[in-house]
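Visitor: How does the following fold in three dimensions:
(chains A and B)
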Amino acid sequence: MAPILAVADLAIAFPDGDGWRRVVDGVTLEVAEGEVVGLVGESGCGKTLTALALLGLVPEPGRVIAGSVHVAGADVATAGERELSSLRGGTIGFVFQEPAQALNPVRTVGFQVAEAARIHQRLPRRRAARLAVDLLREVGLEDAEAMAAAYPHQLSGGQRQRVLLACALSANPRVLVADEPTSALDTVAQQQFAELLATLHRRRGLAFLVISHDLALVARLAERVVVLYAGETVEMAAREAIVARPLHPYSRALMRVAGDAGAGGGERFATIPGTVPRAGEWERGCRFAPRCPLVIARCRDAHPTLDSRQDGRRARCFVVAEAEGRVGDS
Amino acid sequence: MATPEPPLLEARDLVRRYPARGRAWPRGAGTVTALDGASLALRGGEVLGLVGRSGSGKSTLARVMLNLERPESGEVAFRGRVLAAPTRAELHNLRRDVQAVFQDPHGALDPRQRIGAAVAEPLVIHRVIPGSARRERVAALLRQVGLPAEREFLRRLPAELSGGERQRVALARALASEPKAIVLDEPVSALDVSVRGQVLNLLLELHRSSGMAMLVITHDIELVARLCGRVAVMAGGRVVEEGPPEEVLRHPRSEPTAELLAAARAQAPVSRS
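Guide: Next comes the predicted model:
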């Protein structure tokens, strides 16, 4: 079966002087029907642009200049406006980071949740309004009728995030893309929201692409994890594999840092030396080379490819590829 | 027996109300009580963590303690002296001795002010050192927070820095007046995970080398466990629990603490045995 989302070697560029500067260059990912995939990466790695490219919404004057994006089998690059608008908010539901900005301040919550159902499912107004109340209940909001009559500013951050989720669900999507869904929330609200996503996945069989800088969140939710660094995919693997034995040095470092945050005792905090390079300002060789503890001469000269391994994992690293023959517990 | 030294900065039974959000009409129909009898003491030389959920009143408490907002009732004492109607001199001293670094290093720096000037500004305002020694001091401050002190770097604008670098500049500025205490409101939550540890280690080092007191505000209770010698938990506008982190985290005595802990534990990435 074709994956519901498939991105291959995506490159997105913005005009820069006389030429183009690539700010995404080498993103590959796949989400199968009903699967939860986590996309992990830090600022400037291209997470959000990749998400926008799924909808054919790369902001002007940016442009997709290489690679491909397929949604439910349709090529986003060649899709017409009508096909695109049925993908946007129809096939794919979206939940963004800032719920305060994503909601319309002068419309009631119920109106906004019902809107997509009226447009994409062509439900009459009354039925859409009833559906909206049901969806608000489904996303765990108490007193859903009162909530439907409320305005966004009357809600807490966690409640607004749930309302956005209800909006996305009202078009009955096949896949939900959640871009940093919990980073504006406090720890308790984060935990509750993560549980809600897991419930929706179980109950509806909905596929998810969860995008976050937080490996802990992603590792909790996702069946498969895609790690981005500096505009490209550096590793793809099943959750268990990446948690137990991350291959790429960047994934290893991320696991170490994520694992350290909660560890009691210990004197210093785990770090990754250096800084995240700014979008498009990358090394000629491996983009992680300046921060990599395993760097070899070749890493500075040549750019590694995203190799497939026998065990089905993929990683973009010369050192890992060289160790391929004698893979053990490193 | 010597009289115990008063806390550096102390909040006593603070109450602070705001007009209710979401009730634009009828006007004045409601108020939100952000602080409802909050008391907290920051002692000289300690690292105190203040944790709680969004809306628990943590940031308001810090703002009132910094004298950026006035309470409806209750009082703030600085080195044992109540700041009821602070004189200009008293405020000046408070600003010099108690500095703050906020979550968003974007908002904390003037976008048109170059890094060198930004770090020098508090030296001018607080007349810490003579003008001739200023350049040296700016360089020393930047080095202290792990930033290059080269001319090229001094001439950069905040937008040309990464988030971690901006947060270090904000810290260098805060350190310039040689404060006795520094209030850090979510100092790393806007930073990339890979540079978060660098800033946290820097805070640990600064505390070790200068003995400066720190009040660290965060919703991350586990972070507090690593960084702080004492932790206070806020809920509903007051401090509901206080103690050494080992004790509070192992045997939470209040519902809000237990809730924060449970959420943090559930989020711990994976079995780390």
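Visitor: Backbone dihedrals for A:Val24, please?
Guide: phi -130, psi 130 (degrees, to the nearest 10).
Visitor: could you pull out the strands for the stretch 151-300 of chain A?
Guide: Secondary structure of the stretch 151-300 of chain A (DSSP state E, counting those that start in this stretch): strands at A:175-179, A:207-212, A:224-229, A:232-238.
Visitor: tell me the average confidence for the last one?
Guide: Along strand A:232-238, the predicted confidence averages to a pLDDT of 96.
Visitor: Buried residues of stretch A:283-298, list them for me.
Guide: Across stretch A:283-298, burial judged by 16 or more other CB atoms under 10 Å in any protein chain shown covers A:285-292, A:294-295. Just so you know, the C-beta spots here come from the backbone N, C-alpha and C atoms, and that holds for glycine as well.
Visitor: what about it, distance to the chain center?
Guide: Relative to the centre of its chain, stretch A:283-298 is centred 25 Å away, using CA atoms, centre = their mean, to the nearest Å.
Visitor: secondary structure element for the residue of the stretch 1-150 of chain A found nearest chain B?
Guide: Residue nearest to chain B within the stretch 1-150 of chain A: A:Glu42 (4.1 Å; CB to the nearest CB). Assigned by DSSP states H and E, A:Glu42 falls within no helix or strand.
Visitor: Likewise for B:Ala140?
Guide: B:Ala140 is part of helix B:134-144, with elements assigned from DSSP H and E.
Visitor: hmm, that helix in reach of chain A?
Guide: No: under the criterion of CB under 8 Å from any CB of the partner chain, chain A is not reached by helix B:134-144; the shortest gap measures 15.5 Å.
Visitor: For whichever helix or strand comes after that helix, list every residue counted as buried.
Guide: With elements assigned by DSSP H and E, the helix or strand that comes after helix B:134-144 is helix B:151-154. For helix B:151-154, a neighbour-count test (16+ other CB under 10 Å) marks B:153-154 as buried.
Visitor: ditto for stretch B:111-126
Guide: Neighbour count says stretch B:111-126 has B:114-116, B:118-120, B:122-123, B:126 buried, by 16+ other CB under 10 Å.
Visitor: Report how many residues lie close to B:Arg137.
Guide: By the criterion of other CB atoms under 10 Å in any protein chain shown, B:Arg137 has 16 neighbours.
Visitor: For A:Pro124, give me phi and psi.
Guide: Per degrees, to the nearest 10, the backbone of A:Pro124 is at phi -70, psi 160.
Visitor: near chain B, from the buried residues of stretch A:283-298?
Guide: Answer for these near chain B (CB under 8 Å from any CB): A:Arg291.
Visitor: how about the buried residues of stretch A:283-298 in CSV, adding pLDDT?
Guide: Below are the buried residues of stretch A:283-298 laid out as CSV (pLDDT from 0 to 100):
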residue, pLDDT
A:Gly285, 95
A:Cys286, 96
A:Arg287, 96
A:Phe288, 96
A:Ala289, 96
A:Pro290, 94
A:Arg291, 93
A:Cys292, 95
A:Leu294, 95
A:Val295, 95
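Visitor: Now the two most distant members of the buried residues of stretch A:283-298.
Guide: A:Arg287 and A:Leu294 (14.3 Å; CB to CB).
Visitor: and the strands of the stretch 151-300 of chain A, which is most packed in?
Guide: Using mean count of other CB atoms under 10 Å in any protein chain shown, the stretch among the strands of the stretch 151-300 of chain A with the largest mean neighbour count is strand A:224-229, at a mean of 26.
Visitor: Show me what it is packed against.
Guide: Judged by 3 or more CB pairs under 8 Å, 6 or more residues apart in numbering or on different chains; DSSP states H and E, strand A:224-229 is in contact with strand A:19-31, strand A:36-40, helix A:215-221, strand A:232-238, helix A:239-244, helix A:249-262.
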